[in-house]
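>>> Okay, sequence plus prediction incoming.
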2 protein chains.
Amino acid sequence: MAEQHTYTISDLARDFDVTTRTIRFYEEKGLLSPARKGQHRIFDKADHARLELILRGKRAGLSLDESREIIDMYEPGGDNYEQLQFLLSKVDERQAQLESQIEDIRQLLTGLDEVRARCNGALKKISAGNSAKT
Amino acid sequence: MAEQHTYTISDLARDFDVTTRTIRFYEEKGLLSPARKGQHRIFDKADHARLELILRGKRAGLSLDESREIIDMYEPGGDNYEQLQFLLSKVDERQAQLESQIEDIRQLLTGLDEVRARCNGALKKISAGNSAKT
DNA sequence: ACCAAAGTTGACGTTAACGTCAACTAGCAC
DNA sequence: GTGCTAGTTGACGTTAACGTCAACTTTGGT
């Protein structure tokens, strides 16, 4: 009943603007495990979402291993008390790290704001000098 | 008059918890250019600040080249109209990129929040089951 | 049946960011 | 002066994340 929308490897490559080599590499690394129809890989919506997560992780500056860690959190794994507690601690840890990363980026942004201010100040001086000369 | 506080290479290494090899590598790459007393490197406050910037960039997920780009923005370079305009455009560009990076991290954080929610839900079920059995 | 396009598996190459010796030197402690 | 500790350069090793062939198979179109 469920219309199982699938993708070929080059469909995914186009969707996310990566090479097929990259996608195969991610599979090697265990970040993706598409179905097979004979030799050919067949990707479904879940694979599509996973790849999106991986690339978002990359843009955020994470390594593939770190991205895999996050992806793995999305999948149940086990559902007993200890495993859930462990997962929760992992989630907390990763969130804390991501938040401190945001803080670092904020400081870089603040620094650039100061650069911009000084830059504008210098520009004003120049235009003042020009209008005086005119 | 100005007490010129300086650092040896291992002072810096200790301060920022990196190896001396790393610091020499950054110099090779043009990210640092300490003074010399004979063979030995002598770092000043500016070098100290630069290294701090580099490492903040790293934690933010930037490459060394990207960090150098930002560091270079802090140093005057030229002060004529065109150069200042160019610098401003560079600043804008980098700020935009850093902000979109924050956005990516935010989405990762949101995703982890959902994982946490589901996780807590599963834990409630377990504790409910336990208390029923008791 | 046949060809071109798309897909597959190796295998080797490459760049970034250091790690890891090795061999040498300079300054201080005794 | 002799040994010890920091420091220096140079060269090669390593890991991550792919790029780049090469050689082969599979598949849709005519």
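Looks like it came in fine.
>>> residue boundaries of the helices in chain A?
Taking DSSP state H as the criterion, chain A contains helices spanning A:9-16, A:20-28, A:45-60, A:64-74, A:81-133.
>>> Report all helices and strands that the second one contacts.
Other helices and strands packing on helix A:20-28, by 3 or more Cβ pairs under 8 Å, 6 or more residues apart in numbering or on different chains; DSSP states H and E, are helix A:9-16, helix A:45-60. Any C-beta I mention is one placed from the backbone N, CA and C, and that applies to glycine too.
>>> Run the contact check for it versus DNA strand C.
Yes. Contact between helix A:20-28 and DNA strand C, assessed by Cβ under 7 Å from any atom of the strand, occurs at A:Thr20, A:Arg24.
>>> tell me how far that helix is from the chain's mean position?
16 Å (Cα atoms, centre = their mean, to the nearest Å).
>>> Go ahead and name everything in contact with it.
Outside of helix A:20-28, the residues that reach it under the criterion Cβ atoms under 8 Å, 6 or more residues apart in numbering or on different chains are A:Ile9, A:Ser10, A:Leu12, A:Ala13, A:Leu32, A:Ser33, A:Pro34, A:Arg41, A:Leu51, A:Ile54, A:Leu64.
>>> Swap in 6 Å and give it another go.
When contacts are taken as Cβ atoms under 6 Å, 6 or more residues apart in numbering or on different chains, the neighbours of helix A:20-28 outside the stretch itself are A:Ile9, A:Ser10, A:Leu12, A:Ala13, A:Leu32.
>>> In chain A, where is pLDDT below threshold?
When the per-residue scores of chain A are filtered using pLDDT under 70, the ranges that remain are A:1-3, A:131-134.
>>> 80 instead?
Counting by pLDDT under 80, chain A shows low-confidence ranges at A:1-4, A:76-78, A:128-134.
>>> which bits of it sit near chain B?
Listed as neighbours of chain B in chain A under the rule Cβ under 6 Å from any Cβ of the partner chain: A:56, A:59-61, A:73, A:79, A:81, A:84, A:87-88, A:91, A:95, A:98, A:102, A:104-105, A:108-109, A:112, A:115-116, A:119, A:122-123, A:126.
>>> returning to what we had before: DNA strand D: which of the contacts of helix A:20-28 is nearest?
Sorting those by distance to DNA strand D puts A:Ala13 at the head of the list, at 9.5 Å, by Cβ to the nearest atom of the strand.
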